[in-house]
Every structure is written in structure tokens, then in C-alpha cells.
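Chemist: fold the following and give me the result.
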Amino acid sequence: MTSELERIKILEGKISQLAESFSRLFSENARLKEELKQIKAERKDLEERLKKAAALEEEVKQLREEKESVKNRIEALIAQIEKLGI
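Modeler: Predicted structure coming up:
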């Protein structure tokens with residue numbers, strides 16, 4: 001009889017350990033889900049910022065090309081004025 005009681009106590013201990021493990025795992029799972037949610041939000045923000053940066057980079061490229069074009073046109077006008085001797 002004693003051995004049956006000891007076995008039941010051992011079983012109770014193991015069940016308690018399992019319950020604690022499940023509780024810890026559920027808590028950790030909830031924490032990880034929240035962390036994943038935050039990471040996804042950060043990723044979305046970074047992707048939006050990257051798109052804006054790419055758009056700004058393209059705009060800068062276009063402005064540099066326009067600047068070069070204007071510079072070349074001004075130089076051509078100056079050359080024509082110099083030919084006129086004005």
C-alpha cells in the first residue's frame with residue numbers, strides 16, 4: 001500500500017511539473033507572439049522608409065540630371081554670347 005501512495009505522490013509531482021512547464025511555455029509563447037508583432041511593425045516601418053528613401057534617391061538623380069542639362073545650356077549660351085563679342 002505504501003508503495004502505491006509513493007507512486008501516486010511521484011505522479012502528482014510529475015503532473016505538477018508538467019503543469020508548471022505548460023504555464024511557462026504558454027507565457028513564453030505569448031511573449032514571443034508580442035515580440036513578433038512588434039518586429040513585423042518595425043519591418044513594415046522600415047520598408048516604408050526604404051521606399052521613401054528610394055523615391056528621394058530617384059528625385060536626387062533627376063535633379064542632378066536637370067542641373068547638368070541647365071549647366072550645359074548656360075555654357076552654350078555663354079559661348080554664343082562670346083562669339084558675338086558682347
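Chemist: helices along this structure, start to end?
Modeler: For the chain, helices defined by DSSP state H occupy the ranges 2-84.
Chemist: show me where pLDDT drops low in it?
Modeler: 1 (pLDDT under 70).
Chemist: any idea which residue is closest to the centre of the protein?
Modeler: The centroid of the chain falls nearest to residue 43 when counting by C-alpha atoms, centre = their mean (2.4 Å).
Chemist: gap between that residue and residue 50?
Modeler: Distance, residue 43 to residue 50, using C-beta to C-beta, to the nearest Å: 10 Å. For every residue, glycine as well, the C-beta is placed using N, CA and C.
Chemist: kindly report the same for residue 64.
Modeler: 21 Å.
Chemist: swap in residue 81?
Modeler: For residue 81 relative to residue 50 (C-beta to C-beta), the value is 46 Å.
Chemist: okay, now residue 59: neighbour count?
Modeler: By the criterion of other C-beta atoms under 10 Å, residue 59 has 10 neighbours.
Chemist: got a list of what it touches?
Modeler: With contact set as C-beta atoms under 8 Å, 6 or more residues apart in numbering, residue 59 has no partners.
Chemist: and the gap between it and residue 52?
Modeler: 10 Å.
Chemist: repeat that for residue 27.
Modeler: Noted for residue 27: a distance of 38 Å to residue 52, by C-beta to C-beta.
Chemist: cool, residue 73 as well?
Modeler: Following C-beta to C-beta, the distance that separates residue 73 from residue 52 is 31 Å.
Chemist: and for residue 80?
Modeler: From residue 80 to residue 52 the distance is 42 Å (C-beta to C-beta).
Chemist: go on, residue 81?
Modeler: 42 Å.
Chemist: dump stretch 72-80 to PDB, keeping only the CA atoms.
Modeler: The C-alpha trace of stretch 72-80 is given here as PDB (Å, rounded to 0.1, in the frame of the first residue of the first chain):
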ATOM      1  CA  ASN A  72      25.300  72.700 -70.400                       C
ATOM      2  CA  ARG A  73      22.600  75.100 -71.900                       C
ATOM      3  CA  ILE A  74      24.100  78.000 -69.900                       C
ATOM      4  CA  GLU A  75      27.600  77.200 -71.100                       C
ATOM      5  CA  ALA A  76      26.300  77.000 -74.700                       C
ATOM      6  CA  LEU A  77      24.600  80.400 -74.300                       C
ATOM      7  CA  ILE A  78      27.700  81.900 -72.900                       C
ATOM      8  CA  ALA A  79      29.700  80.500 -75.800                       C
ATOM      9  CA  GLN A  80      27.200  82.100 -78.200                       C
END
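Chemist: many thanks, we can stop here.
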